[in-house]
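K.L.:
Dropping the sequence and predicted coords here.
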6 protein chains.
Amino acid sequence: MPLIQVQLIENVFTPEQKQEVITKLTDAMVAIEGENMRSVTWVILQEVRSGEWGIGGRALTTEAVHALVSATN
Amino acid sequence: MPLIQVQLIENVFTPEQKQEVITKLTDAMVAIEGENMRSVTWVILQEVRSGEWGIGGRALTTEAVHALVSATN
Amino acid sequence: MPLIQVQLIENVFTPEQKQEVITKLTDAMVAIEGENMRSVTWVILQEVRSGEWGIGGRALTTEAVHALVSATN
Amino acid sequence: MPLIQVQLIENVFTPEQKQEVITKLTDAMVAIEGENMRSVTWVILQEVRSGEWGIGGRALTTEAVHALVSATN
Amino acid sequence: MPLIQVQLIENVFTPEQKQEVITKLTDAMVAIEGENMRSVTWVILQEVRSGEWGIGGRALTTEAVHALVSATN
Amino acid sequence: MPLIQVQLIENVFTPEQKQEVITKLTDAMVAIEGENMRSVTWVILQEVRSGEWGIGGRALTTEAVHALVSATN
């Protein structure tokens, strides 16, 4: 406790970024709940296939997410 | 909001049918909640391996589902 | 199979609308997968407390959703 | 995308802390994926009843978690 | 690891039975994976409101489940 | 009802063990709720990639779990 389950579209995050998701989300929770809770703070990642995540009825692809992400840099 | 998470046994639905699941479930929700909610209506699909979905303790396979589905036509 | 899990913010949908969500989502799936699958098509609703659903880091309340929904009528 | 679902034992986190969970987890993700993804980063909280979360077969209560948390200060 | 998430219709299981669900499911997993995994075997229960669990498009109520259960005794 | 969703790290359980998880968890539930509920007791398995399950911020790998499991024999 707590349990954090994260769903991502496949191949948007690199393996390194996925490790960062685990550490950063854990650290964010521990900053709120206290260091003693670290050992019972779980973060589980699940990837969803490109095109199998609908927003407003339109299927989101890995490429579309990359385009959105890169538009920020 | 709303979030709709759909689990399916692998290889039962074609890619086209999976797109239909996204659009039809979204349309069904929007028909109830109103068109303004479309942009915040999410549908996420996750496939489960054949034989890793138990009903009554018996593992359901892709082939068994195909047999059940085709019996309708 | 299939399993459809729907999360909603509390008190946005009336009891009648929630029944409609169950029937309409089931019908939408059965229209794709075939009538034989109806008996193994599950729809489960879970409500989330007002203010405990974040979009972009901002907590969404029941009132905010009602405002968005009613803007459509 | 991404979707972050957080489960907590009831009455461990104050309403203010729960808002912090939403903002801090969103900020942690956006720091990895880029600011453009903020609007499609969802965080959903669900509370679990005291005594209905088992670790190693032993039910965890709200009181037990408070004792663990406060041991850190 | 493993994580077991159980959804039940509200007020079908007594508090004692829900404790049994935690211990019996944990013991069942540990019998397969080995005793060393006990400390990282989690079981989380979530109740669903009566009438908000659809099977084949028909909403299942607590009373209906009680009737089904008691028919076994 | 009930629905049991089990998440496992990939390649820790053999195919035979995964079948055992389905049968043993179903039997454990039926022992509590009664035999009549067997047909509506679902168990769904989902595997998580090695290294994508964080405990305390540290990513758990298949190898690490095998080492922990085998330490029991």
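P.N.:
It's in. Since we're looking at a predicted model, the values are computed, not measured.

K.L.:
Off-centre distance for stretch A:42-55?
P.N.:
8 Å (C-alpha atoms, centre = their mean, to the nearest Å).

K.L.:
So for stretch A:42-58, mean pLDDT?
P.N.:
What stretch A:42-58 shows for mean pLDDT is 98.

K.L.:
Wondering if that stretch reaches chain C at all.
P.N.:
No - shown here: stretch A:42-58 not in contact with chain C (C-beta under 8 Å from any C-beta of the partner chain), separated by at least 11.5 Å. Using the backbone N, CA and C atoms, a C-beta is placed for each residue, glycine as well.

K.L.:
what comes up buried for that stretch?
P.N.:
A:42-57 (16 or more other C-beta atoms under 10 Å in any protein chain shown).

K.L.:
Same question for stretch A:25-34.
P.N.:
A:25-26, A:28-30, A:32-33.

K.L.:
what's the answer for stretch A:62-69, then?
P.N.:
Applying 16+ other C-beta under 10 Å to stretch A:62-69 flags A:62, A:64-65, A:68-69 as buried.

K.L.:
can you list the residues that contact stretch A:17-31?
P.N.:
The set of residues external to stretch A:17-31 that reach it, using C-beta atoms under 8 Å, 6 or more residues apart in numbering or on different chains, is A:2, A:4, A:6, A:8, A:13, A:37-38, A:41, A:43, A:45, D:4, D:21, D:24-25, D:27-29, D:31-33, F:51-52, F:54, F:56-59.

K.L.:
Name the strands paired with the helix or strand where residue A:5 lies and say parallel or antiparallel.
P.N.:
Using DSSP states H and E, residue A:5 sits within strand A:3-9. Strand A:3-9 pairs in its sheet with strand A:42-48 (parallel), strand D:3-9 (antiparallel), by DSSP bridges.

K.L.:
contact partners of that strand?
P.N.:
Outside strand A:3-9, the residues touching it (C-beta under 8 Å, 6+ apart) are A:18, A:21, A:25-26, A:29, A:41-50, A:53, A:60-62, A:65, B:44, D:1-7, D:25, E:3, E:42, E:44.

K.L.:
and with 6 Å instead?
P.N.:
A:25, A:42-48, A:53, A:62, A:65, D:1-7 (C-beta atoms under 6 Å, 6 or more residues apart in numbering or on different chains).

K.L.:
could you give the mean pLDDT of that strand?
P.N.:
On average, strand A:3-9 scores 98.

K.L.:
Can you name the element that comes right after that strand?
P.N.:
helix A:15-33.

K.L.:
Could you pull up the mean pLDDT of that next one?
P.N.:
For helix A:15-33, the per-residue pLDDT averages 98.

K.L.:
Take that helix, keep the C-alpha atoms, and write them as CSV.
P.N.:
Taking Å, rounded to 0.1, in the frame of the first residue of the first chain, the C-alpha atoms of helix A:15-33 are listed here in CSV:
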residue,chain,number,x,y,z
PRO,A,15,13.4,1.1,-21.1
GLU,A,16,15.3,3.8,-19.3
GLN,A,17,12.3,6.1,-19.1
LYS,A,18,10.2,3.2,-17.8
GLN,A,19,12.7,2.7,-14.9
GLU,A,20,12.4,6.5,-14.3
VAL,A,21,8.6,6.1,-14.1
ILE,A,22,9.1,3.5,-11.4
THR,A,23,11.6,5.5,-9.3
LYS,A,24,10.0,8.9,-9.8
LEU,A,25,6.4,7.8,-9.0
THR,A,26,7.7,5.9,-5.9
ASP,A,27,9.6,8.9,-4.8
ALA,A,28,6.6,11.2,-5.3
MET,A,29,4.4,8.9,-3.2
VAL,A,30,7.1,8.5,-0.5
ALA,A,31,7.5,12.3,-0.3
ILE,A,32,3.8,12.4,0.7
GLU,A,33,3.4,9.3,2.8
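
K.L.:
Kindly calculate the angle that that helix makes with strand A:3-9.
P.N.:
150 degrees (axes from the mean of the first three to the mean of the last three C-alpha atoms, to 10 degrees).

K.L.:
any idea how far helix A:15-33 is from the chain center?
P.N.:
10 Å.

K.L.:
Same check on stretch A:62-69?
P.N.:
Worked out by C-alpha atoms, centre = their mean, stretch A:62-69 lies 15 Å from the chain centre.

K.L.:
quick one: is it near chain C?
P.N.:
No - against chain C, stretch A:62-69 shows no contacts by C-beta under 6 Å from any C-beta of the partner chain, the least distance being 13.4 Å.

K.L.:
send the alpha carbons of that stretch over as CSV?
P.N.:
C-alpha atoms of stretch A:62-69 as CSV (Å, rounded to 0.1, in the frame of the first residue of the first chain):
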residue,chain,number,x,y,z
THR,A,62,2.5,5.2,-30.9
GLU,A,63,3.5,7.5,-33.8
ALA,A,64,0.8,10.0,-32.9
VAL,A,65,2.0,10.1,-29.3
HIS,A,66,5.6,10.5,-30.4
ALA,A,67,4.5,13.5,-32.6
LEU,A,68,2.7,15.0,-29.6
VAL,A,69,5.7,14.4,-27.3
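
K.L.:
Tell me if it is near chain D.
P.N.:
Yes - applying C-beta under 6 Å from any C-beta, one finds stretch A:62-69 in contact with chain D at A:68-69.

K.L.:
What mean pLDDT does that stretch get?
P.N.:
Mean predicted confidence for stretch A:62-69 is 94.

K.L.:
The closest residue to residue A:33 other than its chain neighbours is in what secondary structure piece?
P.N.:
Of all residues not flanking residue A:33 in the chain, residue D:69 sits nearest, at 6.0 Å (C-beta to C-beta, 6 or more residues apart in numbering or on different chains). Counting by DSSP H and E, the element that carries residue D:69 is helix D:62-70.

K.L.:
I would like the residues contacting that helix, please.
P.N.:
A:34, A:36, D:9, D:11-12, D:50.

K.L.:
could you redo the last one with a cut-off of 7 Å?
P.N.:
Contacting residues not belonging to helix D:62-70 are listed as A:1, A:33-34, A:36-37, D:9-12, D:50 [C-beta atoms under 7 Å, 6 or more residues apart in numbering or on different chains].

K.L.:
and of the residues you listed, the nearest to chain B?
P.N.:
residue D:10 (21.1 Å; C-beta to the nearest C-beta).
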